[in-house]
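Enquirer: 3D, please:
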Amino acid sequence: MIGGGGREHAICWALRRSPQVQDVLCTPGNAGIAEIAACLRTHDKSIAGFVELARSERIDLTIVGPEQPLAEGIVDEFQRNGLRIYGPTAAAARLESSKIFAKEFMRRHAIPTAPFRVFDKPEEALEFIAGTEGPLVVKADGLASGKGVDVCTTREEAQQSIKRIMVERAFGAAGERVVIERMLTGEEMSVMAFADGQRAVMMLPARDYKRLEDGDKGPNTGGMGAYAPARTVEDDQLLEIGERVLQKTVDGMRADGTPFVGVLYAGLMITEAGPRVLEFNCRFGDPETEVVLPLLKSDLADVIGASLAGRLDLEPLTWSEEYCAGVILAARGYPARYEGGVPIEGDVRTEQGNVLCFHGGTSRDERGRLSSSGGRILGLYARASTHEGAVASAYAAVERVRIRGAHYRRDIGLRTRRVMRPRRTDTQVRR
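Expert: Residues are numbered from 1 along each chain as shown. All right, here's what the predicted structure looks like:
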């Protein structure tokens, strides 16, 4: 397992439940992952270093957590060396590594998304904004650790965003070009799918919370909490998302000569006109993975094996009838410069009855003392027979943890229009 956050902790936990999995090695991992897997911090974080690590440790399967190694071509290099790895090639990962590629791909393949324009000169972008009415969304083209998207309700905010991204180069080369699109209104929803190059098999939909503060205010973050299943659409709309978004994307990638194998993530806005794609990711989402995988009854190792073999049609997904919700504890100052090295007290074991604690940025010193080492420190997740019960249990677990100055949202899962279980949870798309 490559990575060291809450998502990787959840994946390691799910894999450890498989009778097929003998050992799990994670690099770099964190203090929570170290409870259930061997963690190895290596100084060589290059793709060549990962290849050598997989060889020396005789790894049967490598799973990539974060987006950067996928964009840099780690899957291509592993495949060239005859090593088994789960994730898309660099060409397929452009769906995430380039906002412009993704938007033009969606336009070419008639996948529903917001109207947009592309700019590579700041003065042209500013001129467009000056002549445009209504809220806009400004996106840096390249990867920016989830921080390269600005939702701008006024012209002044959009102009400041262009200056920050393109002139001040807040994200370096990732902001050399930008996408400006109309802001969509509605309710957000995240849907992930396993893909085998030919078909997409949908997971339970989730709802995550990107803004730092209650009421969806404050700056964007990597995610402050989530719940699943999120049902802001009827079953026919969920099937529409499967067919018109996920399956159509897999079909389009195959037609373009870049078949997609791995986890395809679609961030959606459910508008009055129907679902619209906000963004694609090319790996497990965070924190959506932490609320979806605890509800997966199927063997994750089996599903990944079927994906790699191009046989997802033989591996229908089965799901728990429970609900899952979780809250992120973030360091003081996050997502800007944050405080680190803060002691963590309380029960932060991976499993605590119906509660799961997935670590994000944590470490232990030579005396075994646990402290924070990242912006998003911990996520407390709970399963229950009702959505309300899962939310209440997650917040009760948060109260049992003490981290000086830590911040968390208090409205995760509390203002949802409705939460229903899908009638079809395997959601195998018709072909």
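
Enquirer: Buried residues, stretch 391-398. List them.
Expert: Residues of stretch 391-398 classed as buried under the neighbour-count rule (16 or more other Cβ atoms under 10 Å) are 391-395, 397-398. For glycine as for every other residue, the C-beta is placed from the backbone atoms N, C-alpha and C.

Enquirer: And stretch 42-50, by the same measure?
Expert: Neighbour-count burial for stretch 42-50 [16+ other Cβ under 10 Å]: 47, 50.

Enquirer: Span of it from start to end?
Expert: 9 Å (Cα to Cα, to the nearest Å).

Enquirer: Where do the helices of the stretch 151-300 of the chain begin and end?
Expert: For the stretch 151-300 of the chain, the helices defined by DSSP state H, counting those that start in this stretch cover 155-162, 235-241, 248-255, 288-292, 300-309.

Enquirer: quick check: mean pLDDT across the fourth one?
Expert: So that's helix 288-292. In this model, helix 288-292 carries a mean pLDDT of 98.

Enquirer: Output the contacting helices and strands for it.
Expert: If contacts are counted by 3 or more Cβ pairs under 8 Å, 6 or more residues apart in numbering; DSSP states H and E, helix 288-292 sits against helix 6-16, strand 187-196, strand 225-228, strand 323-330, strand 376-384.

Enquirer: List the contacts of that helix.
Expert: Around helix 288-292, the neighbours that count as contacts under Cβ atoms under 8 Å, 6 or more residues apart in numbering are 6-7, 9-11, 190, 192, 203-204, 206, 208, 223, 226-228, 265, 324-326, 356, 358, 379, 381.

Enquirer: if we can go back for a sec, now the helices and strands packed on helix 288-292 as TSV including distance to residue 290 and mean pLDDT?
Expert: Compiled in TSV, the helices and strands packed on helix 288-292 are given as follows (distance: least, Cβ to Cβ, whole Å; pLDDT from 0 to 100):
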stretch	distance to residue 290	mean pLDDT
helix 6-16	5	98
strand 187-196	12	95
strand 225-228	7	97
strand 323-330	6	98
strand 376-384	5	98
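
Enquirer: Ok, which of these comes nearest residue 98?
Expert: Closest to residue 98 of the helices and strands packed on helix 288-292 is strand 187-196 (Cβ to Cβ; 18.7 Å).

Enquirer: Mind listing what's buried along that closest one?
Expert: Residues 188-196 are the ones in strand 187-196 that count as buried (16+ other Cβ under 10 Å).

Enquirer: From these, pick the one nearest residue 146.
Expert: Here the nearest of the buried residues of strand 187-196 to residue 146, counting by Cβ to Cβ, is residue 190; it sits at 13.0 Å.

Enquirer: what's across from that closest one in the sheet?
Expert: According to DSSP bridges, the residues that bridge with residue 190 are residue 206, residue 267.

Enquirer: Leaving out sequence neighbours, find the closest residue to residue 391.
Expert: Distances taken as Cβ to Cβ, 6 or more residues apart in numbering put residue 413 closest to residue 391, at 4.1 Å, once the chain neighbours are dropped.

Enquirer: Then residue 296?
Expert: With sequence-adjacent residues excluded and distances taken as Cβ to Cβ, 6+ apart, residue 296 is closest to residue 319, at 6.4 Å.

Enquirer: Now do that neighbour, the pLDDT please.
Expert: Per-residue confidence at residue 319 stands at 96 (pLDDT).

Enquirer: what does residue 133 give?
Expert: Looking at residue 133, its pLDDT stands at 88.

Enquirer: That one: neighbouring residues, count only.
Expert: Counted with other Cβ atoms under 10 Å, residues neighbouring residue 133 total 6.

Enquirer: Can you say which helix or strand has it in it?
Expert: Per DSSP states H and E, residue 133 falls between elements, in no helix or strand.

Enquirer: Phi first, then psi, for it.
Expert: Backbone geometry at residue 133, expressed as degrees, to the nearest 10, gives phi -100, psi 150.

Enquirer: And it, how far from residue 126?
Expert: In this structure, residue 133 lies at 15 Å from residue 126, with Cβ to Cβ, to the nearest Å as the measure.

Enquirer: Which parts of the chain belong to which domain?
Expert: Listed by automatic domain parsing, the domain ranges of the chain are 2-94, 115-182, 187-314, 323-403.

Enquirer: Dump those domains into CSV; add distance to residue 103 as well.
Expert: Written out in CSV, the entries for the domains of the chain read as follows (distance: least, Cβ to Cβ, whole Å):
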stretch, distance to residue 103
domain 2-94, 11
domain 115-182, 5
domain 187-314, 9
domain 323-403, 25
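
Enquirer: Just the strands from the stretch 1-150 of the chain, written as ranges.
Expert: 2-3, 25-28, 38-39, 62-63, 85-86, 116-119, 136-140, 149-152 (DSSP state E, counting those that start in this stretch).

Enquirer: Which residues outside the third one are in contact with it?
Expert: So that's strand 38-39. 4, 23-30, 33.

Enquirer: Which of those residues are buried, as a ChimeraX select command?
Expert: Selecting only the buried members of the contacts of strand 38-39 in ChimeraX, with burial defined as 16+ other Cβ under 10 Å, works like this:
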select :4,24,25,26,27,29,30,33
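
Enquirer: what's the neighbour count on the residue nearest to residue 296?
Expert: As a burial measure, residue 319 scores 19 neighbours (other Cβ under 10 Å).

Enquirer: Just want the phi and psi numbers for it.
Expert: Reported as degrees, to the nearest 10, the phi and psi values for residue 319 are phi -130, psi 150.

Enquirer: Distance of it relative to residue 188?
Expert: Counting by Cβ to Cβ, the gap from residue 319 to residue 188 is 21 Å.

Enquirer: Then residue 317?
Expert: Counting by Cβ to Cβ, the gap between residue 317 and residue 188 amounts to 23 Å.

Enquirer: which of the buried residues of strand 187-196 lies closest to residue 302?
Expert: When the buried residues of strand 187-196 are compared for distance to residue 302 (Cβ to Cβ), residue 194 comes out closest, at 10.8 Å.

Enquirer: from what I can see that closest one touches residue 300, true?
Expert: No: the pair formed by residue 194 and residue 300 falls short of the contact definition of Cβ atoms under 8 Å, at 9.6 Å.

Enquirer: how about low-confidence regions in the chain?
Expert: Residue ranges of the chain with pLDDT under 70: 415-431.

Enquirer: what do you get if the cut-off is 80, keeping everything else the same?
Expert: Of all residues in the chain, those with pLDDT under 80 make up the ranges 42-44, 145-147, 231-235, 315, 415-431.
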